[in-house]
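Visitor: This is a predicted model, with the sequence first.
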Amino acid sequence: QIQLVESGGGLVQTGTSLRLSCTASARTFSSYAVAWFRQAPGKARAFVAAISQSGGISNYGDSLRGRSTISRDNDKNAVYLQITNLQSEDTATYYCAATSRYSYTRGLINDYSQWGKGTQVTVSS
């Protein structure tokens with residue numbers, strides 16, 4: 001198992017950009033595919049993006065498609081989510097999650113066994 005810690009959230013203005021980070025404690029981090037999900041108040045958790053172990057495969061959900069980029073640096077045990085042109089509807093808690101399934105980038109919540117506690121992003125006009 002690995003422990004995931006999200007960071008980079010906060011209060012931001014509409015139209016700005018943000019980079020979220022997901023860091024892991026384990027040296028085996030490179031053997032996990034990682035995804036980002038988000039959950040707005042009163043709504044279900046939604047898939048944002050996922051990236052394979054090597055970083056060569058990525059997949060994006062509908063919620064931030066075209067405004068987000070997922071990347072990873074296995075030397076730093078980190079996965080990043082860059083979000084541009086933030087809107088009020090992007091206000092949510094953002095979670096990273098990991099699975100050991102090889103090259104897995106689907107957005108099925110139950111397929112991810114390791115989860116962080118989330119980082120809050122609040123977009124204000």
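Guide: Received the coordinates, thanks.

Visitor: From Gln82, how far off is the closest residue to Asn77 other than its chain neighbours?
Guide: Excluding its sequence neighbours, the residue lying closest to Asn77 (C-beta to C-beta, 6 or more residues apart in numbering) is Phe29, at 4.3 Å. Backbone N, C-alpha and C define where each C-beta goes, glycine included. Phe29 sits 19 Å away from Gln82, going by C-beta to C-beta, to the nearest Å.

Visitor: Compare these two (neighbour count), which wins?
Guide: Neighbours were counted for Phe29 and for Gln82 using other C-beta atoms under 10 Å; Phe29 has more, 23 against 16.

Visitor: taking the mean pLDDT, what do you get for stretch 87-102?
Guide: Averaged across stretch 87-102, pLDDT comes to 96.

Visitor: got the contact list for the closest residue in space to Leu18 that isn't next to it in sequence?
Guide: Residue nearest to Leu18 in three dimensions, not counting chain neighbours: Ile83, with 5.1 Å by C-beta to C-beta, 6+ apart. Ile83 makes contact with 17-20, 64, 67-68, 90, 121 under the criterion C-beta atoms under 8 Å, 6 or more residues apart in numbering.

Visitor: element containing the spatially most central residue of the chain, please.
Guide: By C-alpha atoms, centre = their mean, the chain has its centre lying nearest to Trp36, at 2.4 Å. Using DSSP states H and E, Trp36 sits in strand 33-39.

Visitor: Could you give me the buried positions within that strand?
Guide: Within strand 33-39, the residues that count as buried by 16 or more other C-beta atoms under 10 Å are 33-38.

Visitor: same question, stretch 40-49
Guide: Within stretch 40-49, the residues scored as buried using 16+ other C-beta under 10 Å are 45-49.

Visitor: Neighbouring strands - and their directions - for the helix or strand hosting Cys96?
Guide: For Cys96, the host element (DSSP H and E) is strand 92-99. Partners of strand 92-99 in the sheet, by DSSP bridges, are strand 33-39 (antiparallel), strand 114-115 (antiparallel), strand 119-124 (antiparallel).

Visitor: Show me what the shortest one is in contact with.
Guide: With contact meaning C-beta under 8 Å, 6+ apart, strand 114-115 is reached by 1-4, 32, 95-99.

Visitor: With that, I have no additional questions.
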